[in-house]
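J.: can you look at this prediction? I've put the sequence above it.
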Amino acid sequence: MGALFGVLLVMVASQADGGTTADPEAARKLLFMVQYVAGDYSGAVDGAGVVTNADEYAEAVQTMKEANALYARLKPNGPQGAALSSLAALVDTKAAPPKVETSGRALVDALTRELNITPAPSRIPDLDTGARLYAVACVKCHGAEGKGDGPAAAGLKPPPAPLQDPAWADSRAPFHIFNTLTLGIAGTGMASFAAVYDEDNRWALAFYVLTLRRPAQPPKAHPALNVVTLASQSNQQLVAKLVADKVAPDAAAALNLVDAARRVAPEALSPAVALSRVADAAKKAAELSNKEQRAAAQDLVASAYFESMEPVEPELRRGWPDEVTRLEGAITNLRKAISDGLPVDALANDVAMQADVLRGRVGGVGPAKAAKAPPWGLLGGGLAVALLVIAGLFVLGRRSAA
């Protein structure tokens, strides 16, 4: 896991309404601490609850103490306080790694929403750029193939992470790697690259790192996993989902599909198709809400908006700012009604109507003519709309962690 985390320097109270976090840097550090414990705890404790590395176990215990203290300052009496305490208790009692990993992943998902942290890039990651940056900044420690055998590795303690090792790679999402690149790891050779590479480059590098995983001959075909899903979920999570959804017959076949999806460059989505998807999601969400499946409805609207509308929002806003604002408001009203258990049909129709208006402005087509979604999903550029919606509304509904 590395050396002991240093005490975080920035700890601030949340704003009174609890809807936003006053210090984004501290919020990201908190999230990274939970990611770190969830991802590295298995290197400290075995399945029988026996400590296999005393230093790493002590670090896990200390990190959870700091995480609980930081959350209490960021969000006094916040809704995830109990979950953080529960995760700390699992670590304290030397619970089996799968329990810690599962609880940690669920908590990362919940904290991401509550703290309004975007778990995906604002532009489609360029794997070629990631490869180039890796050769410049990472090879000297991690080695050309990610084996941890770079020329500077011998002098590092703890040693560089074995990026090629499936045991390491399969437990980490690009979001985790992006946060590592952004914050660094105190007491190790892993420095922060925030001052060296901008967010787009750090995301490109984060996505590229997972292509170093020892491949299992990935097939040419792969599932339609959008970029948000690929960014925020680990291989293990994606494998479980593909098997549960019967996309793959078993874990080995699913892992091949995930490997393939991570190695394919995505295409951008057109504004017309994005708007069609938002309209369709609103209608389907209304159906779910009317069946008392409000959590699923909330998730559908939020996901469709973030994955479809957010990438094309800058382009739309440059030409039709008023229409974008009206669509934004219609989606907000729909999500609030779903959360409050109010009638939603008229509000869903309003979302669809506003989306149709915008689609008409751009000379778009209806859903029947929409192009097939690209395999990697729907992410392009800009975060303004998504952040506005997330900041005000993610606290209204909760999704089950993948």
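T.: Received the coordinates, thanks.
J.: contacts only, for the residue positioned nearest the centre of the chain.
T.: Per C-alpha atoms, centre = their mean, the C-alpha nearest to the average position across the chain is that of residue 232, at 2.6 Å. Neighbouring residues of residue 232 by C-beta atoms under 8 Å, 6 or more residues apart in numbering: 109, 112, 119-120, 173-175. Just so you know, the C-beta spots here come from the backbone N, C-alpha and C atoms, and that holds for glycine as well.
J.: that one and residue 120: what is the separation?
T.: Separation of residue 232 from residue 120 (C-beta to C-beta, to the nearest Å): 6 Å.
J.: what sits in contact with each of those two?
T.: Between them, residue 232 and residue 120 share these contacting residues under C-beta under 8 Å, 6+ apart: residue 175.
J.: and this structure, what are its domains?
T.: Domain segmentation of the chain under automatic domain parsing yields 24-114, 127-262, 271-373.
J.: for the record, mean pLDDT for the longest one?
T.: Confidence for domain 127-262, expressed as mean pLDDT, is 90.
J.: for it, the distance to its chain's centre please.
T.: Centroid separation between domain 127-262 and its chain, computed with C-alpha atoms, centre = their mean, to the nearest Å, is 13 Å.
J.: end-to-end on that domain?
T.: Start to finish, the residues bounding domain 127-262 are 9 Å apart (C-alpha to C-alpha, to the nearest Å).
J.: cool, and the shortest one?
T.: End-to-end span of domain 24-114 (C-alpha to C-alpha): 12 Å.
J.: same question for stretch 213-232.
T.: 17 Å.
J.: going forward, the N-terminal residue is numbered 59.
T.: Yes, from this point I'll number from 59; that puts the last item at stretch 271-290.
J.: buried residues of it, list them for me.
T.: Neighbour counts over stretch 271-290 (16 or more other C-beta atoms under 10 Å) mark 271, 276, 280-281, 283-290 as buried.
J.: ok, now which ones touch residue 389?
T.: Residue 389 makes contacts with 336, 340, 359, 363, 409, 447, as judged by C-beta under 8 Å, 6+ apart.
J.: which positions in the helix or strand harbouring it come out as buried?
T.: Using DSSP states H and E, residue 389 maps to helix 379-398. Under the neighbour-count criterion of 16+ other C-beta under 10 Å, helix 379-398 has 381-382, 384-386, 388-397 buried.
J.: check stretch 346-364 too.
T.: Residues of stretch 346-364 classed as buried: 346-347, 352-364 (neighbour count, 16+ other C-beta under 10 Å).
J.: quick check: residue 213 vs residue 199, distance?
T.: Separation of residue 213 from residue 199 (C-beta to C-beta) stands at 10 Å.
J.: repeat that for residue 266.
T.: Distance, residue 266 to residue 199, by C-beta to C-beta: 15 Å.
J.: next: residue 250.
T.: Here residue 250 is placed at a distance of 14 Å from residue 199 (C-beta to C-beta).
J.: the two - which one has more neighbours?
T.: Counted by other C-beta atoms under 10 Å, residue 250 and residue 199 do not tie: residue 199 has more neighbours, with 20 against 14.
J.: ok, that one to residue 233 distance?
T.: Counting by C-beta to C-beta, the gap from residue 199 to residue 233 is 22 Å.
J.: got it, and residue 361?
T.: 15 Å.
J.: in stretch 83-100, which residues are buried?
T.: Buried-residue list, stretch 83-100, by 16+ other C-beta under 10 Å: 84-100.
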